[in-house]
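In: Sequence and predicted structure below; questions after.
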Amino acid sequence: MTARTRTRLRAWLGRNAAEFRMGVLLVAVGAPMSISGAVLYVLPGPGFPVLLIGLACLVTGLVMVGANASGRSRR
C-alpha cells in the first residue's frame, strides 16, 4: 500500500467512520452472532465462543450508540 493510498484511506475513514456508525455496525453484527451462538450452544456444537464474541459486539455497539445519542444532531 502506497503512502498516497494510506492517506486517502485515513481521510475517508475520518469522514465516514463515525462512532455512531461503528456502534450500529457492531450491533448489526453482534445480534445475529449472539443468536447463532445461543443456538449452537443449545445444539451439540462449539457455540460458547461465538456466543461470547456476539454478546461482546452487541454490548459494545449498544454502549457506543447510547453514548452518542444525546450529542447527535437531528436533521
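Out: Yes, it's here. Being a predicted model, the structure only gives us computed values, none of them experimental. Numbering: from 1, shown residues only.
In: Just give me the neighbour total for Leu51.
Out: Look at Leu51: counted by other CB atoms under 10 Å, it has 19 neighbours. Every C-beta, even on glycine, is put in place using the N, C-alpha and C of the backbone.
In: how close does the spatially most central residue of the chain get to Ile35?
Out: By CA atoms, centre = their mean, the chain has its centre lying nearest to Leu26, at 1.5 Å. Leu26 is 15 Å from Ile35, where distance means CB to CB, to the nearest Å.
In: Could you do Pro44 as well?
Out: Counting by CB to CB, the gap from Pro44 to Ile35 is 17 Å.
In: in this structure, which ranges drop under the pLDDT threshold?
Out: Low-confidence segments of the chain, defined by pLDDT under 70: 68-75.
In: who does the longest helix that it contains touch, helix- and strand-wise?
Out: If you go by DSSP state H, the chain has its longest helix at helix 19-42. Here helix 19-42 touches helix 48-67, going by 3 or more CB pairs under 8 Å, 6 or more residues apart in numbering; DSSP states H and E.
In: what about dumping the CA coordinates of the helix it packs on to CSV?
Out: What follows is helix 48-67, C-alpha atoms only, in CSV (Å, rounded to 0.1, in the frame of the first residue of the first chain):
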residue,chain,number,x,y,z
PHE,A,48,-19.9,-20.8,23.5
PRO,A,49,-17.1,-18.8,21.8
VAL,A,50,-19.5,-17.5,19.2
LEU,A,51,-22.0,-16.5,21.9
LEU,A,52,-19.3,-14.6,23.8
ILE,A,53,-18.0,-12.7,20.8
GLY,A,54,-21.5,-11.9,19.7
LEU,A,55,-22.5,-10.6,23.1
ALA,A,56,-19.3,-8.6,23.3
CYS,A,57,-20.0,-6.9,19.9
LEU,A,58,-23.7,-6.3,20.8
VAL,A,59,-23.0,-4.7,24.2
THR,A,60,-20.1,-2.6,22.9
GLY,A,61,-22.2,-1.4,20.0
LEU,A,62,-25.2,-0.5,22.2
VAL,A,63,-22.9,1.4,24.6
MET,A,64,-21.3,3.3,21.6
VAL,A,65,-24.8,4.2,20.2
GLY,A,66,-26.1,5.2,23.6
ALA,A,67,-23.1,7.3,24.5
